[in-house]
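J.: Return atomic coordinates for the entry below.
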Amino acid sequence: MPLFCGFEGVAPTPPRPTRWNAGVWTMPDGEGSFSFGRATDLPLCGDFDGDGDAEPAVKRGNRYSLASGALDGGGGVTSFVFGRGSDQPLVGEWDGDGVDEIAVRRGGVTHFAEGAVDGGGAVVSTVFGRATDQVVAVRGLSTQEHDSLAARRGRTVYVSEDRVDGPVTADYDFTLGRPGDLAITPGDGLVGVLRPAL
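T.: From the prediction side, this is the model:
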């Protein structure tokens, strides 16, 4: 799973490609590494405390563990249960408060957690796209105060600027990459594609 993280003291704050290998996080160009999580975890990162820098996180089944910093062991860790183990996790700044939260995608429905508490707190659910779409968090317009969803289908990316309790539609779409590419978010609300090198 491609990661783009900007950890304070490990790399410049702008998100950089980050490698995960069995619980070891490594930044490019020898900028540093640290350990957090288990080999079987799913790695995530986001600004979970609103300080402008990313923190590492891992998904283990339906339990999420958010670290306070890029230190061996993660420093102070917040752990909570949200969704199902089979859900696709998404990290985004969903409500305009400057803090990233967890969302989970199940089929064509995305469930947004209000906070890092068991059950996610007050959960808003949005129906957008198809179950087979590649869905990522984006900041669609410079005037947006929160992240929203982009669904990539084939070469077409559909972007919704809404996050409401119910169905939403795409506000605009554009063409990007090749059908076999993987949709990624390299930071700052952008959307891109990852294509394996031959």
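J.: Where does the prediction get shaky in the protein?
T.: Within the chain, the segments meeting pLDDT under 70 span 1, 9-13, 30, 140-143, 164, 186-189, 197-198.
J.: Nearest residue to the one residue sitting closest to the centre of it in space, please, no chain neighbours.
T.: Nearest to the mean C-alpha position of the chain, by Cα atoms, centre = their mean, lies residue 91 at 2.8 Å. With Cβ to Cβ, 6 or more residues apart in numbering as the criterion, residue 91 has its nearest non-adjacent residue at 3.9 Å, and that residue is residue 46. For every residue, glycine as well, the C-beta is placed using N, CA and C.
J.: and what of residue 89?
T.: residue 59 (5.3 Å).
J.: and that neighbour, what element?
T.: Using DSSP states H and E, residue 59 maps to strand 55-60.
J.: Could you name the helices and strands sitting against that strand?
T.: Counting contacts by 3 or more Cβ pairs under 8 Å, 6 or more residues apart in numbering; DSSP states H and E, strand 55-60 packs against strand 42-46, strand 63-67.
J.: Can you tell me which of those is nearest to residue 134?
T.: Distance to residue 134, taken as Cβ to Cβ, is lowest for strand 42-46 among the helices and strands packed on strand 55-60, at 16.1 Å.
J.: Please name the bridge partners of the residue nearest to residue 91.
T.: As for beta bridges, residue 46 partners with residue 55 under DSSP bridges.
J.: if we can go back for a sec, tilt between the strand holding residue 59 and strand 63-67?
T.: With axes from the mean of the first three to the mean of the last three Cα atoms, to 10 degrees defining the directions, strand 55-60 sits at 160 degrees from strand 63-67.
J.: Just checking the distance from strand 55-60 to the centre of its chain.
T.: Remark: strand 55-60 is offset 10 Å from the chain centroid, using Cα atoms, centre = their mean, to the nearest Å.
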